[in-house]
Each structure stands twice: as C-alpha cells, then as structure tokens.
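J.: with the input below, show me the fold.
(2 chains)
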Protein chains: 2
Amino acid sequence: MKTENNPLGEYFNFAVASSLVLFGFDGEELSILLTKKTHEPFLGAYILPGKYIRPTEGNDAAIHQLLIEKIGVDPNSIYLEQLKAFSKVFRNPMGRVINVAYYALVKLTPEVKAHSEKFGGVWIPYNKIPDLAFDHNDIIVYAKERLKRRVKRRPVGFNLLPKEFTISQLQLIYEKALNRELDKRNFRKKIFNSNLIIESGNYTDPNLYRKISKLYMFDEEKYEKMTLKGYDFLF
Amino acid sequence: MKTENNPLGEYFNFAVASSLVLFGFDGEELSILLTKKTHEPFLGAYILPGKYIRPTEGNDAAIHQLLIEKIGVDPNSIYLEQLKAFSKVFRNPMGRVINVAYYALVKLTPEVKAHSEKFGGVWIPYNKIPDLAFDHNDIIVYAKERLKRRVKRRPVGFNLLPKEFTISQLQLIYEKALNRELDKRNFRKKIFNSNLIIESGNYTDPNLYRKISKLYMFDEEKYEKMTLKGYDFLF
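T.: Residues are numbered from 1 along each chain as shown, chains lettered A, B, ... in the order given. Below is the predicted model of the structure:
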C-alpha cells in the first residue's frame, strides 16, 4: 500500500503465480501434466499445475514444494528451469497476474503417475493438449519450443528414460520432442558417435516384448561433461 | 485487495519492474547502458535502465516506451527479447518486486549515445560493469550468457554493426561476446563459408584508418534465412 515510507505503494497491486509444464515419458508416450480448476474463474477448465505465490515465498521454492507434495518428485533429482514471465495485461480476470512459468522433465514411473493423479493430476499426450484456461496453451507452446532446442543441444534423455533403455525408446523421445520422424540408421550412428551411452549387458524381457533388444545406459561421466558443455545434434 | 468478490486479494501485494540490458557496439567497444538511481533506496547507485510497471501497463510496452523515449531507438528495428523473471524474495527493500528483465542489441551511433546520455544514461564497457543496486549484476551475468549463446547460434551482428563494416569489426563483436580471442584466419574462413556477408565495393576511409580495409555488408536475404533457421558456429 502507498504510505509516506513507501511512495511506490501504488505499484504493489500485482499478484504472481508460477505454473509448471511437466513433461513425463513412460517409455512410449511423452505427456504433460494438467489439472482441473476447482474455483472460479474457469471452474472445471484444464490448467497447468501451479499456484499463487505469497509475497514471502520464492517462486523456485513454490515449484519445488509443488513437485514434492503434488507429484512426489525430488526437484533436485530432475531437470527443472524457468521458462520466462508471461505478463500480458489481460491474462487473468482477477486482476494483473504475472505468471513465472517453469518446465521440468521426469521419468513417468507408475509411482509418479499414481502420486500425481491422487492430487488431481491428469497426464495428457504431448500432442493432444486441450484448450486450457488463461494463457496456459501459450505457455505450453513456449515450453515445447524450449524442449526442442534443449534436445538438440544437451543430452536431456537421462531425465526422461529409465536407468536401462532401448535405442528405440531414446529415438522416440527425440521424435516426440522434435515432432517428426527420424531416420533409424542415422539416429543410431549419431548416438553411438556421441559416446554417450554404453551397453548395460541386459536385454528386454522376452515376456514383455516380442522382439528382444539390447538395453543401454548413459555413461554418467560423459553425460555430465556433455550436459555442461552442450553438443550439437544437427538433425 | 481482498474483497468478497476477490478471495485472492491478499495475493495482490507484489510490484513488477522491467529492466533492460542494452548492449551497444560503436565499432570498437561493446558496452552496456547504465543509469544512476535518483531516489532511495540506493540513491546514487548504478542500475540498469528500467521502470516499475503499472497494473494496466504491459511489460513489453514499458520497455518499448523506454527505448523510444530514453534511448531514441525504434524497438521494432532492433533485436529485443525477454531474459526471464528475477524473483528472489529479498531483492528489493521496498517489498516484493519481480523484475521481468529484457535484453537488446543496438548500433551505438553518436545519435543513440547523445540521446541516451541526455536522459542520464552512461555507457560502460561490457567488462567493466561496477557494483549495481538490487540484483542487477546477476541480471547482467545472465544477459551476457544469453548473448554468448545467441552469437553461436544466430547471426546477431547485423543488429550491432553499421551498414558497412570490416571483418575486424565483425570479429571484435564475436570476441567481446564470447570473451576470448579468436584465430583471425579461422574466423575469416568461417564467416566466408557462411555466405552471410558480401563485399560492399567500398573501403575504409584512408583519412581515418592507416590501413585500408575492404568493407562488407550482410546479405539480407541469407541473413533473414539464417536468423530464422539458426546456425552453428562451433568456435
């Protein structure tokens, strides 16, 4: 509020929210976590998970708390970064609300799925996102572009894949993120040339998959280096 | 404010500011525009140019207005993008203020220099930024990193160089942005291979420079394409 000690008081009339675009991969499908609004405005509409921030609360801290409580994921164990502030004047009918949006990548295990669904979360395939309340569709478009850039420059598969995975699963992530099919032979050549992955010595379970495939793991040391340095996958 | 119609009123207690990291190149030096605080807190301290946003005012619009009025630059003629929101809880002693920061690139002509200085601006060399108020040094560190990434991926020199320029001037921009010296022969090879520039047919003024050098221009059509597609200058 405007007081003698705070001539800027009239400016303190914004609210700040943070939303999260959480990409999850279950080995077959790349999905985004949505939830449904339980209050007006837009009661019942799909939105990104998120929350209004209290003036004493950090935005990063609020997203960390959301991940721990509502999704069951340790924020320090995943790839998480701020996207940018979405700040159009008329984005929220309650008043001027700035949304400092984030995105993150998780392995969509049965545990993460169950935990997030218990708190009202719904996992929707990446390419089947419905109309969302506010400007949340814009936020998702922006997050998809960011993910596309990231997979070209940094090895982010580690954050989405199980410890042991097939080359087909790895290719699937790139195809989903880049939104186009990739040539199988070319992809394999690039991945093996990058020296990022090593054979785990195991094979896919013949009871689960008709075709038996070699399982691979990321070479953690190489991966760390690549994550810091970046690379260039010119697909 | 919290009312019956607005149960979220208690959250509307933030202020929002936008600051601009403006990089200018005068042909020799890459500089950043600073200004001095004329009010408490931190009276007299250097800060980035910027302003508090009114709840009815867009952040992009506020930065556009700043560029036009205080710097004398048409925002639609330059490279301008949002960096991200800086949102630490204790970044401003007046209360909780989110800073939606931007960065932009301009040709630092005598006109831009004079206009910005008339409004209290001071151009400080890129590597000699003093201690700034608030978290503005953090914002500059982040902007420098963004610029470094951009020059590697997109042809941004167009936004900083005069219409006709020497290869040495172009190299200087890359060296400043990447903060290290580049091999002259290698740099020339890369630039000419990119097909981004063409000879203008003119030479540097022998009254100004002892050594007479060829002047180049950007091939606008190629440049447009590269700007959209990006490239990979693996320096």
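J.: how many neighbouring residues does A:Ser77 have?
T.: Taking other C-beta atoms under 10 Å in any protein chain shown as the criterion, the count of residues near A:Ser77 is 11. Any C-beta I mention is one placed from the backbone N, CA and C, and that applies to glycine too.
J.: would you mind measuring from it to chain B?
T.: A:Ser77 is 23 Å from chain B, where distance means C-beta to the nearest C-beta, to the nearest Å.
J.: look at that residue and report its pLDDT.
T.: The per-residue pLDDT reported for A:Ser77 equals 93.
J.: and it, how far from A:Phe158?
T.: As judged by C-beta to C-beta, to the nearest Å, A:Ser77 and A:Phe158 stand 11 Å apart.
J.: contacts only, for A:Leu66.
T.: A:Leu66 is in contact with A:Leu20, A:Pro49, A:Gly50, A:Lys51, counting by C-beta atoms under 8 Å, 6 or more residues apart in numbering or on different chains.
J.: wait, does the lowest-mean-pLDDT helix or strand in chain A contact chain B?
T.: Ranked by mean pLDDT, DSSP states H and E, the weakest helix or strand in chain A is helix A:220-229, scoring a mean of 82. No. Judged by C-beta under 8 Å from any C-beta of the partner chain, helix A:220-229 stays clear of chain B, getting no closer than 11.3 Å.
J.: name the residues of that helix that are buried.
T.: Buried residues in helix A:220-229, defined by neighbour count with 16 or more other C-beta atoms under 10 Å in any protein chain shown: A:Tyr223, A:Met226.
J.: packing partners for the helix or strand A:Arg146 falls within?
T.: A:Arg146 is located in helix A:136-153, with elements delineated by DSSP states H and E. In terms of contacts (3 or more C-beta pairs under 8 Å, 6 or more residues apart in numbering or on different chains; DSSP states H and E), helix A:136-153 is packed against strand A:15-25, strand A:79-86, strand A:97-107, helix A:167-178.
J.: what does chain A put close to chain B?
T.: Near chain B, when you scan chain A using C-beta under 8 Å from any C-beta, you find A:6-8, A:11-16, A:39, A:52-60, A:82-85, A:87-89, A:94-96, A:98, A:100, A:232, A:234.
J.: just the buried subset of these, written out for PyMOL, thanks.
T.: Buried subset of those, written as a PyMOL selection, criterion 16+ other C-beta under 10 Å:
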select buried, chain A and resi 8+11+12+13+14+15+16+52+53+54+55+57+58+59+60+82+83+84+85+87+88+94+96+98+100
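J.: the domain parsing of chain A - what is it?
T.: Domain assignment for chain A by automatic domain parsing gives A:9-153, A:157-229.
J.: deepest in the core, which of the ones you listed is it.
T.: domain A:9-153 (a mean of 18; mean count of other C-beta atoms under 10 Å in any protein chain shown).
J.: quick one: the closest residue to A:Lys113 other than its chain neighbours from A:Ile78, how far?
T.: Excluding the flanking residues, the one nearest A:Lys113 by C-beta to C-beta, 6 or more residues apart in numbering or on different chains is A:Trp123, at 6.6 Å. According to C-beta to C-beta, A:Trp123 stands 16 Å off from A:Ile78.
J.: ok, back up a step: rank the domains of chain A by pLDDT, which is bottom?
T.: domain A:157-229 (a mean of 90).
J.: tell me which residues touch A:Val106, please.
T.: With contacts defined as C-beta under 8 Å, 6+ apart, A:Val106 is in contact with A:Leu22, A:Phe23, A:Gly24, A:Phe25, A:Ile71, A:Val73, A:Ile78, A:Val112, A:Asn159, A:Leu160.
J.: which residues does it form beta bridges with?
T.: Judged by DSSP bridges, the bridge partners of A:Val106 are A:Gly24.
J.: related to what we said a few turns ago, compute the inter-axis angle for the helix holding A:Arg146 and strand A:97-107.
T.: 40 degrees (axes from the mean of the first three to the mean of the last three C-alpha atoms, to 10 degrees).
J.: what distance separates helix A:136-153 from the middle of the whole chain?
T.: Here the centre of helix A:136-153 is set off from its chain's centre by 9 Å, with C-alpha atoms, centre = their mean, to the nearest Å.
J.: please apply the same query to stretch A:151-161.
T.: 11 Å.
J.: which residues does that stretch contact?
T.: Against stretch A:151-161 from outside (C-beta under 8 Å, 6+ apart): A:23-25, A:27, A:30, A:78-79, A:105-107, A:147, A:150, A:169-170, A:173-174, A:177-178, A:194, A:196, A:218, A:223, A:226-227, A:230-235.
J.: cool, and stretch A:92-99?
T.: Contacts of stretch A:92-99 (C-beta under 8 Å, 6+ apart): A:13-19, A:41, A:50, A:52, A:85-87, A:89, A:91, A:134-135, A:139, B:6, B:8, B:12, B:14, B:16, B:55-56, B:85, B:98, B:100.
J.: residues touching A:His115, list them.
T.: A:His115 makes contact with A:Lys70, A:Ile71, A:Gly72, according to C-beta under 8 Å, 6+ apart.
J.: rerun at 6 Å
T.: A:Gly72 (C-beta atoms under 6 Å, 6 or more residues apart in numbering or on different chains).
J.: element containing it?
T.: When elements are defined using DSSP H and E, A:His115 is found to belong to helix A:110-118.
J.: next secondary structure after that helix?
T.: Toward the C-terminus from helix A:110-118 - assigned by DSSP H and E - lies strand A:122-125.
J.: how far is that following strand from where the chain is centred?
T.: So, by C-alpha atoms, centre = their mean, the centroid of strand A:122-125 is 12 Å from its chain's centroid.
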